[in-house]
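> Here is my input; please provide its structure:
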Amino acid sequence: MAFTEPLTPIEVRDALTKPVGEALIYMARVGSIEPLGPDKPVEDQTYKYLVTSSEGKPLAVVLCSPSVSPDLIARGVRCAEEAKQALGPELGKVVLDPLGEGELAGLSYVVLPYRHPLNEKRVTGWFQRRRVAPVVLDWLHGLTRQTMCDVSESDVHARFKRPLSLLAKSPDVSDAVRCAAEEGLRGLEQGRWTPRFVLMHNDLWRGNILLDDNGGIVVIDWPGSKVDGYALYDLVRLADSFVLSNKALGEQVRAHCRLLGCDAKDAASHLAASLGYLLCDLDHFPRHLFLPLADKCVTRVSAAVEATGG
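Predicted structure coming up:
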């Protein structure tokens, strides 16, 4: 099936009917495949569909790449597999195994088992987030412990000094971000902190946390992840998403720093390295959105460390 123009959501849905039916043939009879959520007028928007059985029960979610990034979903599948392997059998349970995957008119797609999004209602959602947040934080702490590894001398320069230098010299970053980058560079030169690689999800917020039928957590959306990634960025983004207090975040930062072998005051250096890496390759992430995010992350981690003893 070939198209000369970008596919519409309905065209993608219709073309997916056969491969989705084949992927779910041993689960149940497919009743419908409908767009999941409103269509957004952005060029890099992923096609998303909810698959239900003939009885109306949710069976699966199908993701299909946008035309501007046709291998996005295939890359996400590969990254998820790498993350699952790095995490090991127990921690890796949070990563879904595909029910099916392939290519459609040059666009990659994947069929994933349906899992439940977190409740966004004001009261019930608040209680659910209070229960789920500690579970996700414990998993993330285990991730750092399991996947942390040393950095070669060549990678210290290419993956830490260079991104930190780029961030420090960027004219449009905030003073807080620039100071964190400069301090990170000084700390490396003085041997005050040692770079470490860890598995980095790179978009860890509550919208990418789902629940299985038993209430266990599932982590989705892995295309931006790196096995040789950076520490603390995921933690700060997650804490902000779950509205953790500075004290609660500070305790988590200190726990991660103990694993990383650094003082809590050098947490901002690890974070700045991750931000410098992101700045090197923003891809479809607009710079005008990255700049306030970077400032918020650095300001938040500094306040969190101060709230737990400076």
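> could you point out where the stretch 201-310 of the chain is predicted with low confidence?
Low-confidence segments of the stretch 201-310 of the chain (pLDDT under 70): none present.
> what's H284 sitting at in phi/psi?
Here the main-chain torsion angles of H284 (degrees, to the nearest 10) amount to phi -90, psi 10.
> Quick check: it touching S69?
Yes - the pair H284 and S69 qualifies as a contact (CB atoms under 8 Å) at a distance of 7.4 Å. Glycine gets a C-beta too; all of them are placed from N, C-alpha and C.
> between those two, who's got more neighbours?
S69 (17 against 12; other CB atoms under 10 Å).
> Please report how far that one lies from R129.
Applying CB to CB, to the nearest Å, the value for S69 to R129 is 31 Å.
> again with A180
Distance of A180 to R129, given as CB to CB: 28 Å.
> What of P223?
Taking CB to CB, one finds P223 at 25 Å from R129.
> Domain ranges for this protein, per the record?
By the assignment in automatic domain parsing, the chain contains the domains 9-114, 117-307.
> Endpoint to endpoint, the shortest one covers what distance?
In other words, domain 9-114. End-to-end distance for domain 9-114: 20 Å, by CA to CA, to the nearest Å.
> next one: stretch 142-157
OK, stretch 142-157 end separation, CA to CA: 27 Å.
> Is V111 bridged to anything, and to what?
Taking DSSP bridges as the rule, V111 bridges to V62, G100.
> Going forward, the N-terminal residue is numbered 43.
New numbering, starting at 43: the last item is V153.
> ok, it - how many residues close by?
22.
> Now do the helices in this structure.
Ranges of helices within the chain are 51-65, 114-133, 164-189, 195-197, 204-211, 217-232, 275-283, 288-302, 309-322, 329-349, based on DSSP state H.
> List the buried residues of stretch 234-254.
For stretch 234-254, a neighbour-count test (16 or more other CB atoms under 10 Å) marks 235-246, 248, 250-253 as buried.
> I meant stretch 169-176, not that one.
Going by neighbour count (16+ other CB under 10 Å), the buried part of stretch 169-176 is 170-171, 174-175.
> Tell me which two of those residues sit farthest apart.
Taking CB to CB, the two most distant members of these are Q170 and A175; they sit 9.4 Å apart.
> Contacts made by stretch 157-172 with the rest, please.
With contacts defined as CB atoms under 8 Å, 6 or more residues apart in numbering, stretch 157-172 is touched by 138, 174, 248-249, 251-255, 260, 262, 284-285.
> From H298, how far off is the closest residue to V347 other than its chain neighbours?
Among residues not flanking V347 along the chain, A306 sits closest, at 4.9 Å (CB to CB, 6 or more residues apart in numbering). To H298, A306 is 9 Å away according to CB to CB.
> more neighbours, those two?
Taking neighbours as other CB under 10 Å, A306 and H298 compare with H298 leading, 25 against 21.
> now that one, nearest residue through space, not along the chain?
H298 sits nearest to T186 (CB to CB, 6+ apart), 5.4 Å away.
> Would you confirm that that neighbour contacts F239?
No - judged on CB under 8 Å, T186 makes no contact with F239 at a distance of 10.6 Å.
> ok, the residue nearest to H298 to K211 distance?
Relative to K211, and taking CB to CB, T186 is found at 29 Å.
> Over to P61?
Going from P61 to K211 by CB to CB gives 48 Å.
> And the residue nearest the centre of the protein?
Centroid-nearest residue in the chain, with CA atoms, centre = their mean: D245, separated by 2.6 Å.
> Sounds good, over and out.
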